[in-house]
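In: return a 3D structure for these sequence lines:
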Amino acid sequence: MRNLFSSESSSDAKGAGGNRVPRHSSGWKELLKHLSTQESLRVLDIGPTSSTNINYITSLGHSIYMANLVEEAAKPEWIIPAEGDKPAGFDVEGFLKSNLNFSGRMFDVVILWDTADYLPEPLLAPVFVRIHEVLQPGGLMLAFFHAAPDAEASFNRYHLTETDVIEMQRAGNYPLLNVYSNRKIENMLSGFSNFRFFLAKDSLREVIITR
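Out: Numbering: from 1, shown residues only. So this is what the prediction gives:
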């Protein structure tokens, strides 16, 4: 199991660093209301580790667990070489076992950020299935999705604040692999009971999903 319970951000991620850029987030505003009125929730933050997020979530009385799937998925060790007529593939089962195995823990809140847009296609459906398995019934997930292809899009670390603003900070040079329509996003989330899209002025869609 990798990147869980980590309290500091990775310092060797390629292309990491830079200033924090503030961004209004309607999705975070809604999720913050939930976090502020509940006690002792388990939160799963799927993205580049932020000590700011760890400190803030724990200050609210909740526990937080981290998983940086994009950095892990980019490692060559998960590629299954081509053999004969069989093309190269991705070791989905091994990846999930190593990076999304929570030893029976269930979560009340998941923050996915824009992770899905940077994952190889074979991982998409299995990752959402695994999140569905570990999210409590009635639990909430906040996810971001890019609205349009952008060759200049940077892979960001997102830092939470006590307001409706989140802070974005470049966290690497990983390429944007996927851009999904609203219909495609709805299909990927079909196993969940409800989802709500939020309009944004920039290129990110925000969705609050209920298990």
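In: give the residue farthest from the middle of the chain.
Out: Computed with CA atoms, centre = their mean, the maximum C-alpha offset from the centroid of the chain is found at Gly84, amounting to 35.5 Å.
In: contacts only, for the residue most central in space within the chain.
Out: Nearest to the mean C-alpha position of the chain, by CA atoms, centre = their mean, lies Leu112 at 2.4 Å. If you count contacts by CB atoms under 8 Å, 6 or more residues apart in numbering, Leu112 has them with Ile46, Gly47, Ile131, Met141, Leu142, Ala143, Phe144. (Glycine included, C-beta is placed from N, CA and C.)
In: so which strand or helix has the fourth one?
Out: Which is Met141. According to DSSP states H and E, Met141 maps onto strand 135-146.
In: and that strand, how far out from the chain's middle?
Out: Here the centre of strand 135-146 is set off from its chain's centre by 9 Å, with CA atoms, centre = their mean, to the nearest Å.
In: take the helix or strand following that strand, keep the C-alpha atoms, and write them as CSV.
Out: Going down the chain from strand 135-146, the next helix or strand is strand 155-159, by DSSP H and E. The C-alpha coordinates for strand 155-159 follow below in CSV (Å, rounded to 0.1, in the frame of the first residue of the first chain):
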residue,chain,number,x,y,z
PHE,A,155,-1.2,18.8,-12.9
ASN,A,156,-2.0,20.5,-9.6
ARG,A,157,-1.9,19.9,-5.9
TYR,A,158,-5.1,21.4,-4.4
HIS,A,159,-4.9,23.0,-0.9
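In: strand 155-159 pairs with which strands?
Out: strand 165-172 (antiparallel) (DSSP bridges).
In: could you identify the helix or strand that succeeds the strand it pairs with?
Out: helix 182-188.
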